[in-house]
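Visitor: Kindly return the folded structure for what I paste below:
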Amino acid sequence: MQRSTGQDLMTPIEFPRAFAAAFGTRDADALAGYLADDARMLTLTGAWVEGRAAVREALMAEFAGVFARARLVTGKSQLRELSAGVSLVHQRFVVSGAQGPDGTDLPRFAAMLSAVLLAGSAGWQVVSLGFSGLTE
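Guide: Take a look at the predicted model:
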């Protein structure tokens, strides 16, 4: 699980804010840089992607379309240490600024980020990430 981007992922408790900041500036490189080479991600649009490069490409496509002007507002967060060097993060967000296919503004909606982070020689890395809309 080598990191090729050189980015340092902060601690698991800092990850949700870093994710929101990179999402808000549509920085697919920064977001992909938090992931291990072989990480898997379920994107907010429902795409299942495997590997850092594929995650980057999927996020770039979303940032060029539905999330071109989107922002995340952080809500409730939960961090659970599963074992030494393995943490699970749940972060609730409100997504605003999403656009429909015709460019019209979509209503704000709630979303949940769930990430498993692993500590290694390169620092903390996300090995699995799910980002899903919520019905409430």
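
Visitor: pretty sure Val95 belongs to a strand, no?
Guide: Yes - counting by DSSP: H, G, I helix; E, B strand; the rest coil, Val95 is part of a strand.

Visitor: ok, how many other residues are close to it?
Guide: 22 (other C-beta atoms under 10 Å). (Each C-beta comes from the backbone N, C-alpha and C, glycine too.)

Visitor: Please verify my assumption that it contacts Leu72.
Guide: Yes - using C-beta atoms under 8 Å, Val95 is in contact with Leu72, at 6.0 Å.

Visitor: Now the common contact residues for these two.
Guide: Ala111 (C-beta atoms under 8 Å, 6 or more residues apart in numbering).

Visitor: Can you give me the buried ones in stretch 103-123?
Guide: 111-113, 115-118, 122 (16 or more other C-beta atoms under 10 Å).

Visitor: And the residue nearest the centre of the chain, how far from Asp105?
Guide: The chain has Phe19 as the residue nearest its centroid, 5.5 Å off, counting by C-alpha atoms, centre = their mean. Phe19 is 23 Å from Asp105, where distance means C-beta to C-beta, to the nearest Å.

Visitor: now do Val94
Guide: 14 Å.

Visitor: Next, the nearest residue to Met10 once chain neighbours are set aside: secondary structure please.
Guide: With C-beta to C-beta, 6 or more residues apart in numbering as the criterion, Met10 has its nearest non-adjacent residue at 6.0 Å, and that residue is Ala18. For Ala18, the assignment made with three-state DSSP gives helix.

Visitor: can you tell me how far the residue of the chain most remote from its centre sits from Met60?
Guide: Checked against the mean C-alpha position of the chain, the extreme residue using C-alpha atoms, centre = their mean is Asp102, at a distance of 25.1 Å. Remark: distance between Asp102 and Met60 (C-beta to C-beta) = 21 Å.

Visitor: repeat for Ser128
Guide: 20 Å.

Visitor: How about Glu81?
Guide: Counting by C-beta to C-beta, the gap from Glu81 to Met60 is 32 Å.

Visitor: In terms of neighbours, single out the busier of those two.
Guide: Between Glu81 and Met60, Met60 has the larger neighbour count (other C-beta under 10 Å), namely 16 against 11.
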